[in-house]
Structure formats: C-alpha cells, structure tokens
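Q: pasting the structure only:
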C-alpha cells in the first residue's frame, strides 16, 4: 500500500515538471520554449545532394520529439543551432590481404554552433564525426541510404546530448 501511495504522489510531480519544460523523460533539461534550427550548409569536398536536408531534418525531429520545443524561424529564439557538413568521405579501413580491401568506411562530420540565449555557458561550437563501415564488395550507391540513416541517427544523438543533456 505504501508503494501505491508513493507512486500517486511522485507521478503527478513528474508530469508537472515535464509539462513545465524543466525536465523531459529523455534526461534533457529544457528551460526555453522555442528553437531555430537552420538548414546545414554542405561544405564537404564530396557533396551528396540530399545530405544537407536529410541531416537537418533528422536533428530537428530528434530535438523536437524529445524536448517539446516549438520550431521558429526568428533570430531571438531561446535556442539557435547552425552548422555545416564538413566531411563526407569514403576510406578503406580493412584489408583481407595486401592487395584487396575488405571494408570501406563512410565518415560524415558536422560542425555545429549552438546558442542558448537563456544560459550562455551552455553555448558551444564543435565538430561531431561519426562513421559506418560497409563491405568493399558493395557499391556505395547501393548502401548509402542505410549508412546515412545510421550515421545521421548517431550524429543527432550526439548533438542532442551535447546541447540538452549535458553528459
């Protein structure tokens, strides 16, 4: 009976805190009400045409679904995020013998600038890099969508955690 009573007291308190945008169930501490996430510029040497919109949308979806923030297109938003894709590269990572590559790696880097107008100590400018390996026998065009999906999810998690979770 004591456990039920404790749950009846704690549950409304947690819901109240989540509703006030102080705490979210993702572990994020959110003080603001809105965010302006700008389209990432693609400044990589090798340009994948849809990469900019794909990564921007993935990050927007991650932030908006986990925080309850409202997206805005104004310069005085509580949070402002800009960035650019600085690398989109395929490299050889493994060899089965001296002559033949066995694995390739797609690497994507994003340089992100985050401004927290409610707490300037939380501002940052940082490059986030993630990669995914694929068999050298595969053609990049055949696996690139899945690789970008995987890398994009990892980058979105890293950027979200840096901006809002403070791990």
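A: Ah, there it is. This is a predicted model, so every value here is computed, not measured. Numbering: from 1, shown residues only.

Q: for the residue nearest to residue 67 when sequence neighbours are not counted, helix, strand, or coil?
A: Using Cβ to Cβ, 6 or more residues apart in numbering and skipping residues adjacent in sequence, the residue nearest residue 67 is residue 30, 5.0 Å away. For glycine as for every other residue, the C-beta is placed from the backbone atoms N, C-alpha and C. The three-state assignment at residue 30 reads coil, by DSSP: H, G, I helix; E, B strand; the rest coil.

Q: Quick check: nearest residue in space to residue 62, chain neighbours excluded?
A: Excluding its sequence neighbours, the residue lying closest to residue 62 (Cβ to Cβ, 6+ apart) is residue 156, at 4.0 Å.

Q: What are the neighbouring residues in contact with that neighbour?
A: Counting by Cβ atoms under 8 Å, 6 or more residues apart in numbering, residue 156 makes contact with 55, 58-59, 61-63.

Q: possible to save these as CSV with pLDDT and secondary structure?
A: Formatted as CSV, these follow (pLDDT from 0 to 100; DSSP: H, G, I helix; E, B strand; the rest coil):
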residue, pLDDT, secondary structure
55, 97, helix
58, 97, helix
59, 97, helix
61, 96, helix
62, 96, helix
63, 95, helix
